[in-house]
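Enquirer: Got a predicted model here, sequence first, then my questions.
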Amino acid sequence: MERYKLTLAYDGTDFYGSQRQANKPTIQLALEKALNGIGWSGSSVSFAGRTDTGVHASGQVASVEMEWRHTGGELLKAINAKLPQEISVLFVEQAPPHFHPRFSASSRSYRYRIYHQPVRDPQRERYAWRIWPALEATMLNKLAADLVGTHDFAAFGTPPRSGQSTIREVMAAEWIESDDEVVFCVKANAFLYHMVRRLVFAQVAIAQGREPDNALQDLLGAPKRRTFAGLAPACGLTLTNVTYPDQFRNI
């Protein structure tokens with residue numbers, strides 16, 4: 001029995017998130033069904049992070065234990081042949097027995113995409129949030145700078161289990177401007193449920209003048225004061241990368 005690390009990409013538009021749910025299409029259910037189709041007899045696949053309904057990924061990580069007598073490349077082809085078109089396994093690597101995609105991870109990175117147009121663009125609506133008038137990238141980057149460091153993000157999300165810590169370390173946060181788009185790129189040791197989408201909405205609200213300029217600083221300084229209510233649409237969010245300590249690299 002070998003443990004394999006799978007790196008996945010998916011269009012999450014028509015899925016109810018990554019985590020298995022009864023009688024609803026999810027990424028986990030689709031992957032487990034594909035694995036069943038090539039002889040896997042396990043009970044559950046583990047993921048590096050939970051993505052919400054409609055959220056995408058270009059670097060999600062999963063792990064699975066199974067008997068496989070062929071190469072990793074052949075395993076990749078076999079799984080992809082069974083997966084729906086919206087999901088693809090990009091890489092297959094053998095992993096040590098103690099590897100866990102979530103608990104072994106040292107950081108996760110997300111991207112949130114916004115485009116500026118007065119009318120909707122059908123080719124971008126599945127993957128970006130349309131906002132008009134255009135946001136000022138300089139203002140957004142000033143706000144993003146306040147997020148870097150170790151803070152209590154309780155106002156922007158909830159932990160995986162009740163009572164767990166809401167303190168997270170944000171290692172990098174910036175907005176990148178290109179043509180009529182701005183993209184929020186953020187990296188942290190871990191994220192709370194809905195944290196990225198709430199942070200995006202908060203920054204947009206401040207940039208549009210609907211929240212005071214110091215709203216982020218106030219909520220990071222006093223996170224129990226209130227929960228930020230706004231939530232950016234799921235369509236703009238993509239899990240782009242999960243990193244691991246040296247012992248798990250090139251496995």
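Expert: Perfect, I can see it now.
Enquirer: Every contact and neighbour count from this point should use C-alpha atoms.
Expert: OK.
Enquirer: ok, now how distant is the nearest residue to Asp180 once chain neighbours are set aside from Ala134?
Expert: Spatial nearest neighbour of Asp180, excluding adjacent residues (CA to CA, 6 or more residues apart in numbering): His116 at 5.4 Å. As judged by CA to CA, to the nearest Å, His116 and Ala134 stand 5 Å apart.
Enquirer: Kindly report the same for Ile176.
Expert: For Ile176 relative to Ala134 (CA to CA), the value is 14 Å.
Enquirer: same question, Tyr112
Expert: According to CA to CA, Tyr112 and Ala134 sit 16 Å apart.
Enquirer: Between those two, which is the more surrounded one?
Expert: Tyr112 (25 against 17; other CA atoms under 10 Å).
Enquirer: Now that one, what are its backbone angles?
Expert: Per-residue torsions, Tyr112: phi -120, psi 130 (degrees, to the nearest 10).
Enquirer: roughly how far out does the helix ranked longest in the chain sit from the chain middle?
Expert: Among the segments of the chain that qualify as a helix by DSSP state H, the longest is helix 195-207. In terms of CA atoms, centre = their mean, to the nearest Å, the centre of helix 195-207 is set 16 Å apart from its chain centre.
Enquirer: what ranges do the helices span in the chain?
Expert: Residue ranges of the helices in the chain, as given by DSSP H, are 27-36, 72-82, 137-145, 195-207, 215-221.
Enquirer: Compare the ones you listed and give me the one nearest Phe248.
Expert: helix 72-82 (16.8 Å; CA to CA).
Enquirer: For Ile206, see how far away Asp180 is.
Expert: 20 Å.
Enquirer: no, scratch that, I was asking about Val89
Expert: 38 Å.
Enquirer: for Leu75, same thing?
Expert: Separation of Leu75 from Ile206 (CA to CA) stands at 48 Å.
Enquirer: One more: Met139?
Expert: With CA to CA as the criterion, Met139 and Ile206 are 9 Å apart.
Enquirer: what about the lowest-mean-pLDDT helix or strand in the chain, distance to the chain center?
Expert: Least confident element among the helices and strands of the chain, by mean pLDDT, DSSP states H and E: helix 215-221 (a mean of 89). Helix 215-221 sits 23 Å away from the centroid of its parent chain (CA atoms, centre = their mean).
Enquirer: What of stretch 121-140?
Expert: 19 Å.
Enquirer: Between the two ends of it, what distance do you get?
Expert: One end of stretch 121-140 to the other measures 23 Å (CA to CA).
Enquirer: Please apply the same query to stretch 219-237.
Expert: 22 Å.
Enquirer: Name the surrounding residues that touch it.
Expert: By CA atoms under 8 Å, 6 or more residues apart in numbering, the residues outside stretch 219-237 that reach it are 13, 52-56, 110-114, 125-129, 151-157, 194, 197-198, 200-202.
Enquirer: what's the residue located most distally from the centre of the chain sitting at in phi/psi?
Expert: Using CA atoms, centre = their mean, the residue of the chain lying farthest from its centre is Arg69. It sits 32.4 Å away. With angles defined as degrees, to the nearest 10, Arg69 sits at phi -100, psi 10.
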